[in-house]
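J.: Would you be able to build a 3D model of this:
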Amino acid sequence: MASMTLPALPEESFQRVLCVVAHPDDMEYGTSAAVARWTVRGIEVGYLLLTRGEAGMPNPPEETARLRVAEQRAACAVVGVKHLTVLKHPDGVLVYGLDLRRDICREIRRFKPDVVLGAGYEIETPYGFDQADHRAAGLATLDAVRDAGNRWVFPEQVDDEGLQPHSVRWYIVPGLAGSGATHGVDVSGEPLRCGVASLEAHAAYLAALPGGYVRLMRRRLSPISGGAGARRA
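T.: Sure thing, here's the model as predicted:
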């Protein structure tokens with residue numbers, strides 16, 4: 001995940017990380033290897049999934065949702081994540097807007113992370129055109145980071161729910177070296193092994209994908225060639 005030609009992400013500057021993604025399995029295409037490194041070093045990591053991934057398989061949606069959330073729990077266990085929150089926004093038609101920002105803001109104020117890790121929101125990525133849910137999730141997360149620190153944005157969370165405004169130190173978008181990443185995370189060795197194993201925990205979902213997909217992703221994860229982009233929020 002990281003080419004160490006990039007400056008190392010200053011892990012000594014944070015103790016809590018909240019990862020916000022659209023679907024079960026979104027964390028497992030490389031980023032979970034960094035999570036495995038962080039948790040073994042005592043950094044507390046939480047995942048917030050905005051949907052249950054119910055549109056990702058041909059099974060009935062409720063059956064798929066239960067299966068995919070269970071697989072995500074197994075993937076979390078592999079990399080040492082003990083905090084998993086799964087929302088019920090609709091998979092496949094995730095909508096950027098106040099409802100989504102409100103829910104992400106609530107979790108930021110509740111979990112109080114130093115770092116929020118969110119999806120990118122560009123239409124085109126190094127892997128091709130990104131899926132619409134990912135873009136909506138990324139933009140809503142970026143805005144929710146700012147919302148969370150402002151007492152007058154979603155004030156009912158402060159007045160009625162007992163939460164407090166919270167300011168995040170870093171906002172991280174995972175990426176590849178050479179595609180805008182500014183910092184790197186060395187995931188060689190055990191973190192990379194755990195990252196691959198966390199992807200394999202989504203066995204039923206991966207089995208439902210077109211043939212050769214898992215082999216392709218294993219090839220992407222095997223070299224230490226990418227990086228985690230980060231910027232202050």
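
J.: can you list the weak-confidence ranges in this structure?
T.: 1-4, 126-127, 176-179, 211-233 (pLDDT under 70).

J.: For the residue of it most remote from its centre, grab phi and psi.
T.: Within the chain, Asp159 marks the point farthest from the mean C-alpha position, 28.9 Å out by C-alpha atoms, centre = their mean. Here is the backbone geometry of Asp159 (degrees, to the nearest 10): phi -70, psi -40.

J.: residue contacts, it?
T.: Shown in contact with Asp159 (C-beta atoms under 8 Å, 6 or more residues apart in numbering): no residues. Quick note: C-beta positions are derived from backbone N, CA and C, even for glycine.

J.: From Ala34, how far out is it?
T.: From Asp159 over to Ala34 the distance is 37 Å, taken as C-beta to C-beta, to the nearest Å.

J.: in this structure, which spans are strands?
T.: Secondary structure of the chain by DSSP state E: the strands cover 16-21, 44-49, 83-86, 115-118, 124-125, 128-129, 170-175, 227-232.

J.: Around Asp25, how many other residues sit close by?
T.: 23 (other C-beta atoms under 10 Å).

J.: Touching, it and Gln72? I think so.
T.: Yes - judged on C-beta atoms under 8 Å, Asp25 makes contact with Gln72 at a distance of 7.2 Å.

J.: which residues do those two both contact?
T.: His202.

J.: before we move on, back to that, in a markdown table: the strands of the chain, plus distance to Ile108 and mean neighbour count.
T.: Below are the strands of the chain laid out as a markdown table (distance: least, C-beta to C-beta, whole Å; neighbours: other C-beta atoms under 10 Å):
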| stretch | distance to Ile108 | mean neighbour count |
| --- | --- | --- |
| strand 16-21 | 6 | 25 |
| strand 44-49 | 9 | 24 |
| strand 83-86 | 11 | 17 |
| strand 115-118 | 6 | 25 |
| strand 124-125 | 25 | 12 |
| strand 128-129 | 29 | 8 |
| strand 170-175 | 11 | 22 |
| strand 227-232 | 16 | 19 |
